[in-house]
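> Would you be able to build a 3D model of this:
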Amino acid sequence: DVQLVESGGDSVQAGGSQRLSCVATISRGCMAWFRQAPGKERTEVAVIDDTGFINYYTDSVKGRFTISKDKDKNTLYLQLSSLKPEDTGTYFCAAANVGWCLRTPHHFAYWGQGTQVTVS
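Numbering: from 1, shown residues only. Coordinates of the predicted model:
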């Protein structure tokens, strides 16, 4: 059974930084971070393919967030910098059954429980 466990979410002031981690029991596949604000739908933040060389970001986080992964540790990361109040939400780690990525939640078969990021 595939499991994804996120950590690292916290409350931070605008302009601050933090790093989210997602430990996975799956070692292959496209992976991604999504976020969901209260009362809104879950939206993509960043995705990274199985090779780790191809990644995409939603426009609002480009230049501020960085997605990466450590295959030896089966861990996905999201470095958040220059945080804004609109970045507030629950951040979810997701993994697909294939190595290539589509930028839609429907592409991902496995999801973590989420970690809360609050920016004030």
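> Pretty sure Ala46 sits against Phe65.
Yes. Ala46 is within contact range of Phe65, at 6.0 Å (criterion: CB atoms under 8 Å). For glycine as for every other residue, the C-beta is placed from the backbone atoms N, C-alpha and C.
> Mutual contacts of the two, please.
By CB atoms under 8 Å, 6 or more residues apart in numbering, Ala46 and Phe65 have these common neighbours: Tyr57, Leu78.
> Tell me the confidence at the closest residue in space to Pro85 that isn't next to it in sequence?
Nearest non-adjacent residue to Pro85, counting by CB to CB, 6 or more residues apart in numbering: Val119, 5.0 Å away. For Val119, the model assigns a pLDDT of 97.
> what about Val119, how many neighbours?
Neighbour count for Val119, taken as other CB atoms under 10 Å: 19.
> For it, what are phi and psi?
Note on Val119: backbone dihedrals following degrees, to the nearest 10 are phi -120, psi 120.
> Next one: it from Gln13, what distance?
To Gln13, Val119 is 7 Å away according to CB to CB, to the nearest Å.
> quick one: the spatially closest residue to Ala37 that is not a sequence neighbour from Asp72, how far?
Nearest residue to Ala37 in three dimensions, chain neighbours excluded: Gly89, at 4.2 Å (CB to CB, 6+ apart). Distance of Gly89 to Asp72, given as CB to CB: 29 Å.
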